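Q: Only the shape, not the letters, is given here:
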Ligand SMILES: *Cc1c(COP(=O)(O)O)cnc(C)c1O
């Protein structure tokens, strides 16, 4: 058979785009070549519904070893006692957590999407908001999670689950404080660490496992693995509200979560992706990952400083992690205009609502910037200054096509210093 050049030419075009641009989308990263190589392999052919040792199909002895290796490595990464590596994505992982903990119509409390939360934390457009009764806390005028509001809503509404975690929040979380109010009302604390997971794995942020009952994450953001989701427990526990098993015993949360992933919300697992997850977890355990995490934080600090020096307003005034949210209203720009203009210069980021935004989610007053991807490319603190100067030049000349075109050339030249997948030719 002939190679499908139509598709492979497009894939090569995407490789060129990734190589020649500055990638600042906070949720993106570049996996190692090994992670990608593992994904394009034969376990993709295998049906393996069920779990290692308990499958519904024959011939699973090898994929059992792959999945067990991924689980064992992940348990080491986060020092936890149980993990499920099958969720196809972060949203799927969260869907399974809801299914394991909540019955339709029951109340839960999460960070509002417009304040930095995620769709799966109760957006009316998402299953979480449609199926369950979503309550929301926000951030204060200073851009910090409003713990007092969280506690007040928790005490008055008594939700069954409190979610901490966000997609556009640049500060660390006070998990201990959330657990304290959850214990008052008997709620489950669920941490969705999709964004900062890699920094937590590197021991550079507060450890949610110290205080949260259940933790989910994506594997493709700061963890630098293939696209996917995971669910973890440090301490297994009995879910007091769950249906009892046929012998009348309460089920353990680990078994409810396994059931909620399969058969609850998914069919066959993606064993080729699970193989790639195992490779990524191995890379995290190999010792150099902590230095990566430290560089991510150093770069984010340098980027924040360079932006503030040019008069940009950062929500909460700075960052503890890998990202920052910028309110562009003092620069007379919308998030949409900024994203579209920077895109023309091959600087990629996303528009983002800022807390108390007066513009629609399609326009927004802000942009979100993250440094995990450029840090993987090899950038250091001094390079953040260069990147910010290019961003500023584009934004301050947003209607001058000649300036934008010149920055696009600068970007391309600058990125030649940071080779991406040279092995791919
Ligand atoms: C990215 C993200 C998710 C969802 O991940 P997908 O893999 O895109 O489904 C879930 N929760 C949070 C907080 C996220 O940032």
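A: All right, it came through fine. The shown structure was predicted, so the numbers you read here are calculated from the model rather than taken from an experiment. Numbers count the residues shown, from 1 in each chain.

Q: can you list the residues of the protein near the ligand?
A: Taking CB under 6 Å from any ligand atom as the contact definition, the chain meets the ligand at 27, 89-91, 94, 118, 120, 165-167, 192, 194-195, 218, 229. The C-beta positions use only the backbone N, C-alpha and C, and glycine is treated the same way.

Q: For the stretch 101-250 of the chain, which segments are assigned as strands?
A: Listed from the start of the chain, the stretch 101-250 of the chain has strands (DSSP state E, counting those that start in this stretch) covering 107-111, 133-137, 161-164, 188-192, 214-218, 229-233.

Q: Just want the angle from the fifth one to strand 229-233.
A: In this case it means strand 214-218. 160 degrees (axes from the mean of the first three to the mean of the last three CA atoms, to 10 degrees).

Q: mind checking how far strand 214-218 is from the chain centre?
A: From the chain centre to the centre of strand 214-218 is a distance of 9 Å (CA atoms, centre = their mean, to the nearest Å).

Q: With the shortest one instead?
A: On the basis of CA atoms, centre = their mean, the separation between the geometric centre of strand 161-164 and that of its chain is 16 Å.

Q: One more: the fourth one?
A: The chain centre lies 15 Å from the centre of strand 188-192; the measure is CA atoms, centre = their mean.

Q: tell me the angle it makes with strand 214-218.
A: On the basis of the same axes, to 10 degrees, strand 188-192 is oriented at 20 degrees to strand 214-218.

Q: now the last one
A: On the basis of the same axes, to 10 degrees, strand 229-233 is oriented at 160 degrees to strand 214-218.

Q: Strand 229-233 - contacts with which helices or strands?
A: Where contact means 3 or more CB pairs under 8 Å, 6 or more residues apart in numbering; DSSP states H and E, strand 229-233 is packed against helix 61-78, strand 82-84, helix 90-101, strand 214-218, helix 253-259.

Q: Select, out of the ones you listed, the one closest to residue 375.
A: With CB to CB, the closest approach to residue 375 among those belongs to strand 214-218: 17.4 Å.

Q: Name every strand pairing with the closest one and say which way it goes.
A: Strand pairing for strand 214-218, using DSSP bridges, gives strand 188-192 (parallel), strand 229-233 (antiparallel).

Q: Need the winner for burial among the ones you listed.
A: Relative to the other members of the strands paired with strand 214-218, strand 229-233 carries the highest mean neighbour count by mean count of other CB atoms under 10 Å, namely a mean of 27.

Q: Leaving aside the residues adjacent along the chain, what's closest to residue 73?
A: In space, not counting the residues next to it along the chain, residue 73 is nearest to residue 281; the distance is 3.7 Å by CB to CB, 6 or more residues apart in numbering.

Q: make that residue 52, sorry
A: If the residues on either side of it in the chain are set aside, residue 52 comes closest to residue 64, at 4.0 Å by CB to CB, 6+ apart.

Q: Also residue 158?
A: The shortest distance from residue 158 to any residue that is not its chain neighbour, by CB to CB, 6+ apart, is 4.8 Å, and that residue is residue 185.

Q: do residue 269 as well
A: Distances taken as CB to CB, 6+ apart place residue 86 nearest to residue 269, at 4.2 Å, with adjacent residues excluded.

Q: Test my guess that that neighbour contacts residue 261.
A: Yes: taking contacts as CB atoms under 8 Å, residue 86 lies within contact range of residue 261: 5.1 Å.

Q: List the contacts of residue 174.
A: Applying CB atoms under 8 Å, 6 or more residues apart in numbering, we find residue 174 in contact with 145, 147, 206.

Q: wait, residue 285
A: Applying CB under 8 Å, 6+ apart, one finds that residue 285 lies in contact with 73, 76-77.

Q: And residue 391, by the same measure?
A: Counting by CB under 8 Å, 6+ apart, residue 391 makes contact with 342, 347.

Q: what are the ranges of the helices in the stretch 151-300 of the chain?
A: Ranges of helices within the stretch 151-300 of the chain are 175-185, 197-201, 253-259, 271-285, 289-309, based on DSSP state H, counting those that start in this stretch.

Q: Give me the distance between the residue lying closest to residue 32 once chain neighbours are set aside and residue 406.
A: Counting by CB to CB, 6+ apart, residue 283 is the residue found nearest to residue 32 once chain neighbours are left out, at 6.2 Å. Using CB to CB, to the nearest Å, we find residue 283 at a distance of 38 Å from residue 406.

Q: the more surrounded of those two?
A: In this comparison of residue 283 against residue 406, neighbours counted by other CB atoms under 10 Å, the higher total goes to residue 283 at 20 against 15.

Q: distance of that one from residue 219?
A: Relative to residue 219, residue 283 is positioned 12 Å away (CB to CB).

Q: for residue 67, same thing?
A: Residue 67 sits at a distance of 14 Å from residue 219 (criterion: CB to CB).

Q: and the end-to-end length of stretch 322-339?
A: The straight-line separation of the ends of stretch 322-339 (CA to CA, to the nearest Å) is 19 Å.

Q: pLDDT on it, on average?
A: What stretch 322-339 shows for mean pLDDT is 98.

Q: same deal with stretch 66-77?
A: Per-residue pLDDT over stretch 66-77 has a mean of 98.

Q: which secondary structure elements does the host helix or strand of residue 16 contact?
A: Assignment of secondary structure by DSSP states H and E places residue 16 within helix 5-20. Identification of packing neighbours for helix 5-20 by 3+ CB pairs under 8 Å, 6+ apart yields helix 401-415.

Q: in the helix it packs on, what's buried?
A: Neighbour counts using 16 or more other CB atoms under 10 Å place 404, 407-408, 410-411, 414-415 of helix 401-415 among the buried residues.

Q: helices or strands next to that helix in the packing?
A: Here helix 401-415 touches helix 5-20, strand 22-23, helix 335-344, helix 381-396, going by 3+ CB pairs under 8 Å, 6+ apart.
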